[in-house]
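> Sequence and computational prediction follow.
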Number of protein chains: 2
Amino acid sequence: QIFTEIHSSMALNNPTPLGPWKITVYDQENFQGKRLEFTSACQNIMECSVDNIRSLKVECGAWAGYEHSSFCGQQFVLERGEYPHWESWSGSNAYHIERMMSFRPIWQNHKESKMVLFERENFIGRQWEINDDYPSLQAMGWSNNEIGSMQVQSGAWVCYQFPGYRGYQYIMECDRHGGEYKHYREWGSHAQSFQVQSLRRIQQ
Amino acid sequence: QIFTEIHSSMALNNPTPLGPWKITVYDQENFQGKRLEFTSACQNIMECSVDNIRSLKVECGAWAGYEHSSFCGQQFVLERGEYPHWESWSGSNAYHIERMMSFRPIWQNHKESKMVLFERENFIGRQWEINDDYPSLQAMGWSNNEIGSMQVQSGAWVCYQFPGYRGYQYIMECDRHGGEYKHYREWGSHAQSFQVQSLRRIQQ
């Protein structure tokens, strides 16, 4: 009962005075070593005299983390909570290079997340408009383990290679590329195929 | 448009004549080697003259996979789709022993999934009744990165160590333990702490 009250007030009022995004990163695992706080994007952590990020806490908002500087390489969706080491934010199928060199806030509004999936690249073939989370697209009737192209009409989404939100993460946003992802080559530099078996809204 | 029709008919009619659960397992990666189909639990894959499961396809229903025989060790929630190798079903934080020796269907009814979270073990402290998916419990107002105990009132759930459905998976069911999980020692033999930062319903 007490908890519910706290929860409501947090949902109604911004819990921190620092604005909608805050992330704290550390250059050692388990929140040790040099500590840096950010409320906006960091294009290259080495410019802050840190060689790599080895643990982090998201205190406010949702963030996209990247393997390389300038928002390149493997993508990691980072929502509020504690990530004590690389395995806690990487995907189950990630190639094992323990690097996170850049990150940025994700803009979204979960109340109106909407996306259209297309069977084939360039927005052709069968299509399906979605506005919910799907731990298994095939369980909901999608015919195979691939999506050809995607049009994000509102909000931000994360797609995954395997069912149950596993494997490579691909962050798709209304506010980037005009929300249009017409081939897997536009999903991120780490994408090597059309394989997507689960996806969900990014909600905070 | 065409797709939507297929989807509706699949949702209304059982897509296979084999009942609500079907899984096909292979003793080599990428759906190669010896192939076995199951519509009910398998307590020890070695009794089928297979030394290990190295890829699988879930064709119907949701399943729980286990590292060891007799449903022991690390747990893996398996929903409809294709899993070409161990990394495609293991969690991002899994210790790297590529074994899956037993599996069983998960009974659930997503229309009424309900669970109560408790701040401390033995169902004490602050509590929160949930009936939705939470990629970040802290974003929704839960005060720390741990849950003391859980009472599943209906449906089946999967809890995760880290935000965004990452790390160890703990499958929690209304129909097991009377739905009561009063200490992390009851979550599974691989559980080593109270840490839970995301959870979701198992929906098919």
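Cool, the structure landed. Numbers count the residues shown, from 1 in each chain, chains lettered A, B, ... in the order given.
> any idea which element the residue positioned nearest the centre of chain A lies in?
Note on chain A: the residue nearest the mean C-alpha position is residue A:77, at 2.5 Å, using C-alpha atoms, centre = their mean. According to DSSP states H and E, residue A:77 maps onto strand A:72-78.
> what distance separates stretch A:169-182 from the middle of the whole chain?
Chain-centre distance of stretch A:169-182: 11 Å, with C-alpha atoms, centre = their mean, to the nearest Å.
> which of the residues in it are buried?
Residues A:169-174, A:176, A:179, A:181-182 are the ones in stretch A:169-182 that count as buried (16 or more other C-beta atoms under 10 Å in any protein chain shown). For every residue, glycine as well, the C-beta is placed using N, CA and C.
> Please give me every residue in contact with residue A:66.
A:72-76, A:100-103 (C-beta atoms under 8 Å, 6 or more residues apart in numbering or on different chains).
> can you redo the residues you listed as TSV with neighbour count and pLDDT?
Formatted as TSV, the contacts of residue A:66 follow (neighbours: other C-beta atoms under 10 Å in any protein chain shown; pLDDT from 0 to 100):
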residue	neighbour count	pLDDT
A:72	14	95
A:73	20	93
A:74	21	94
A:75	22	95
A:76	26	96
A:100	25	96
A:101	22	97
A:102	22	98
A:103	24	98
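> Please identify which of these is nearest to residue A:58.
Within the contacts of residue A:66, distances to residue A:58 taken as C-beta to C-beta reach their minimum at residue A:103, with 9.7 Å.
> and the residue nearest to residue A:57 when sequence neighbours are not counted, what helix or strand is that in?
Nearest residue to residue A:57, sequence neighbours excluded (C-beta to C-beta, 6 or more residues apart in numbering or on different chains): residue A:24, at 4.8 Å. Assigned by DSSP H and E, residue A:24 belongs to strand A:22-28.
> what's the helix or strand that that strand is followed by in contact with?
Going down the chain from strand A:22-28, the next helix or strand is strand A:32-38, by DSSP H and E. The contact list for strand A:32-38 (C-beta under 8 Å, 6+ apart) reads A:21-28, A:45, A:48-50, A:54-55, A:103.
> got the buried residues for strand A:32-38?
So for strand A:32-38, counting by 16+ other C-beta under 10 Å, buried means A:36, A:38.
> Return the backbone torsion pair for residue A:139.
Phi and psi for residue A:139, reported as degrees, to the nearest 10, are phi -60, psi -30.
> May I ask you to confirm that residue A:198 is in contact with residue A:134?
Yes: with contacts counted by C-beta atoms under 8 Å, residue A:198 reaches residue A:134, the gap being 5.9 Å.
> Can you get me a residue count around the closest residue to residue A:161 other than its chain neighbours?
Of all residues not flanking residue A:161 in the chain, residue A:167 sits nearest, at 3.1 Å (C-beta to C-beta, 6+ apart). Residues near residue A:167, counting by other C-beta atoms under 10 Å in any protein chain shown, number 25.
> In terms of pLDDT, where does residue A:167 sit?
At residue A:167, the predicted lDDT confidence score is 94.
> which ones are touching it?
Applying C-beta under 8 Å, 6+ apart, we find residue A:167 in contact with A:91-93, A:160-161, A:197, B:87-88.
> How about residue A:118?
With contact taken as C-beta under 8 Å, 6+ apart, residue A:118 is in contact with A:124-127, A:147-151.
> Tell me the buried residues within those residues.
For the contacts of residue A:118, a burial check counting by 16+ other C-beta under 10 Å picks out A:126-127, A:147-151.
> Which single one of those residues is nearest to chain B?
Nearest to chain B out of those is residue A:126 (C-beta to the nearest C-beta; 3.7 Å).
> still on that earlier bit, quick check, the residue nearest to residue A:57 in contact with residue A:59.
Yes: Residue A:24 lies in contact with residue A:59 (C-beta under 8 Å); the separation is 6.5 Å.
> If you count surrounding residues, which of the two has more?
Between residue A:24 and residue A:59, residue A:59 has the larger neighbour count (other C-beta under 10 Å), namely 18 against 15.
> helices or strands next to the host helix or strand of the more buried one in the packing?
Taking DSSP H and E as the definition, one finds residue A:59 inside strand A:55-60. With contacts taken as 3 or more C-beta pairs under 8 Å, 6 or more residues apart in numbering or on different chains; DSSP states H and E, strand A:55-60 sits against strand A:22-28, strand A:81-83.
> among those, which is the most enclosed?
Among these, strand A:81-83 has the highest mean neighbour count (mean count of other C-beta atoms under 10 Å in any protein chain shown), at a mean of 26.
> That one pairs with which strands, parallel or anti?
As defined by DSSP bridges, the strand partners of strand A:81-83 come to strand A:55-60 (antiparallel).
> rewinding a little: can you tell me which of the contacts of residue A:66 is nearest chain B?
Nearest to chain B among those, counting by C-beta to the nearest C-beta, is residue A:76 at 8.5 Å.
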